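*Asks:* Quick one, structure for this:
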Amino acid sequence: MGVGKCGQIGGKLGKAGENAGATMLAMHICKRIAYQFVPAKPNRVIAWLMRPYVRHWLMRRALDVRRVQVSGLEEWRALHRSGDRLLITSNHPAHADGYTLAWCLHHHGLPSQFVTDYANMVTGDPIEMAVLRACGTFSINPHDFDPASFKTAMKILTGKNRHRAVLYFPEGNIFMANDRVNRFHDGSFYLATRAAQRLERQDGSHRMHVCPLAVKFTHMVDARSALENAVADLQDYLQVQRQALSTQPTDVLSALGVAAVNHTARQVGCHVVMRTVGELPTVLNQVVGELEQALGIDSAKDGVSESSEKLAMVRRVFYGQLNAGQMDAPRVEALSALLNFALRLDSYALDYVCEKPTLDRVSETVHAIYDDLHNERLRLRLPMLAMVRGGEPIAVVSPTKNDRSKQAIHDLAHESQRATQRLVDQMNAANDQPGAEMF
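*Replies:* Below is the predicted model:
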């Protein structure tokens, strides 16, 4: 291969790295694309060659992750070497976590395959997507049961695959609230119980484990000045009075959040106005109500009362109609914009910063507001430390005839969520970086 050709490939990979944040951003917003499964194309040579690119270009330069601390994976490696199967479940706090965890697991002797939102695989940079597929990434439909993705994961966990491990993000979305683990959905844990059942039907020599994993990103330097500038730019963009973030960070961020919600509501043609952050649940209910009316959903008839449950039903119906070709382009455009708005409202945690206004939490909130307004990642270009910690594996027992209820799967999801939250709390307690300081 000539030098010129190498230069072209290097340039394409560099561009893919710069676009990594935008690609990962797609994971927490609604897409207007009918679902199609994208399989992995594992290639050990390409995966090995791409490790330096992921670590030194993608993570360090594109995503600002300068250091990584890893602990708690020793028992996992022993189980993996013995032939046991691992369903690794992680929190999903930032755009950098997918690449960070992929590199960590491979680097520390746990070859794994990964799932990502199908929209990333279809609309992402072609070079980056080729790399991801070569490293074992396959798509998943986050809005409904995905038979092709389920079958692929089952084959990895129960077949003669060298990986024998799959990484899932059971929260489903990126919530930009690293200290708080949101509800784990049951889908990946249903997979774990089915895999355990199949392994028992085989020779019974290998077991299935759910392995809770937590990742925490923290600032390695004082980011106050950079955040002040970012907030000032957002205030100008939203045409609100400038107020220094350092005066009262929680009040400034609350006012900025209210202005951002009202700005987005006007953009999507939603006739709601929020005056204080305390009105967020009411506004969310109104937006979900508009979506239900547009899609012909009667949640009261189905016994659904919680806004999050209503929104999950709305998302399933929307994508069901989209995949069935029942909506024309203008309707898809309008409803997807409104659904994105509702999903973002549902992701906001009212008390997250007020509870403990650390530098990291303030930064995460500023990033979330910026992302939602501009649909791209805020780049402060400041070094971040990624702390990755594995928890004690949870042995998965094959369900019996008397224990096939959804409750058993839900209990497994809840146990994994609690374990992940404990790991995050442990990392926070040991965090001596500037990001852990009060703003």
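
*Asks:* any weak-confidence spans in the stretch 101-250 of the chain?
*Replies:* Residue ranges of the stretch 101-250 of the chain with pLDDT under 70: 162.

*Asks:* switch the cut-off to 80
*Replies:* Counting by pLDDT under 80, the stretch 101-250 of the chain shows low-confidence ranges at 119-120, 122-125, 127-128, 143, 161-163.

*Asks:* Going by residue numbers, what spans are helices in it?
*Replies:* Counting by DSSP state H, counting those that start in this stretch, the segments of the stretch 101-250 of the chain that form helices are 118-123, 126-134, 147-158, 187-201, 224-238, 249-267.

*Asks:* Please render those helices as a markdown table that adds mean neighbour count to the earlier fields.
*Replies:* (Glycine included, C-beta is placed from N, CA and C.) Listed next are these as a markdown table, based on neighbours: other Cβ atoms under 10 Å:
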| stretch | mean neighbour count |
| --- | --- |
| helix 118-123 | 20 |
| helix 126-134 | 19 |
| helix 147-158 | 18 |
| helix 187-201 | 20 |
| helix 224-238 | 16 |
| helix 249-267 | 19 |
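
*Asks:* would TSV of these with distance to T365 be doable?
*Replies:* Output for those, formatted as TSV (distance: least, Cβ to Cβ, whole Å):
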stretch	distance to T365
helix 118-123	24
helix 126-134	28
helix 147-158	33
helix 187-201	28
helix 224-238	10
helix 249-267	5
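
*Asks:* so which of those gets nearest H209?
*Replies:* helix 187-201 (8.3 Å; Cβ to Cβ).

*Asks:* Show me what the closest one is packed against.
*Replies:* When contacts are defined as 3 or more Cβ pairs under 8 Å, 6 or more residues apart in numbering; DSSP states H and E, helix 187-201 packs onto strand 85-90, helix 147-158, strand 208-219, helix 406-430.

*Asks:* mind checking which of those is nearest V287?
*Replies:* So among the helices and strands packed on helix 187-201, helix 406-430 is nearest, using Cβ to Cβ, at 26.5 Å.

*Asks:* Next, the buried residues of that closest one.
*Replies:* 409, 412-413, 416-417, 419-424, 426-428 (16 or more other Cβ atoms under 10 Å).

*Asks:* again, but for stretch 160-170
*Replies:* Buried-residue list, stretch 160-170, by 16+ other Cβ under 10 Å: N161, H163, R164, A165, V166, L167, Y168, F169, P170.

*Asks:* Name the residues that touch that stretch?
*Replies:* Identification of contacts with stretch 160-170 by Cβ atoms under 8 Å, 6 or more residues apart in numbering yields 42, 80, 83-92, 97-98, 101-102, 105, 110-115, 136, 153, 155-157, 184-185, 187-189, 211, 213, 413, 416-417.

*Asks:* and if we set it to 6 Å?
*Replies:* By Cβ atoms under 6 Å, 6 or more residues apart in numbering, the list of residues contacting stretch 160-170 from outside reads 85-90, 92, 111-115, 153, 156, 184-185, 188.

*Asks:* For M208, give me its contacts.
*Replies:* Counting by Cβ under 6 Å, 6+ apart, M208 touches R85, A192, A195, A196, L199, V396.

*Asks:* Find the residue closest to the first one in space, skipping its chain neighbours.
*Replies:* It stands for R85. L157 (4.5 Å; Cβ to Cβ, 6 or more residues apart in numbering).

*Asks:* And L245, how close does it get to L359?
*Replies:* 11 Å (Cβ to Cβ, to the nearest Å).

*Asks:* which residues do these two both contact?
*Replies:* Shared contacts of L245 and L359, defined by Cβ under 6 Å, 6+ apart, are absent.

*Asks:* And for A214, the neighbour number?
*Replies:* Using other Cβ atoms under 10 Å, the number of residues around A214 comes to 25.

*Asks:* Tell me the buried residues in stretch 48-57?
*Replies:* M50, Y53, V54, R55, W57.

*Asks:* Which pair in the contacts of M208 has the greatest spatial separation?
*Replies:* For those, the farthest-apart pair by Cβ to Cβ is A192 and L199; their separation is 10.5 Å.

*Asks:* still on that earlier bit, same list (the buried residues of helix 406-430) but as CSV, adding distance to P383 and pLDDT.
*Replies:* Formatted as CSV, these follow (distance: Cβ to Cβ, whole Å; pLDDT from 0 to 100):
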residue, distance to P383, pLDDT
I409, 40, 92
L412, 37, 96
A413, 34, 97
S416, 31, 98
Q417, 30, 98
A419, 29, 98
T420, 25, 98
Q421, 26, 98
R422, 27, 98
L423, 23, 98
V424, 21, 98
Q426, 23, 98
M427, 17, 98
N428, 19, 97
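
*Asks:* what is the rounded mean pLDDT of stretch 41-56?
*Replies:* Mean per-residue pLDDT for stretch 41-56: 84.

*Asks:* What segments of this structure are strands?
*Replies:* Here the chain has its strands, by DSSP state E, at 65-71, 85-90, 113-117, 137-140, 165-168, 208-219, 384-390, 394-395.
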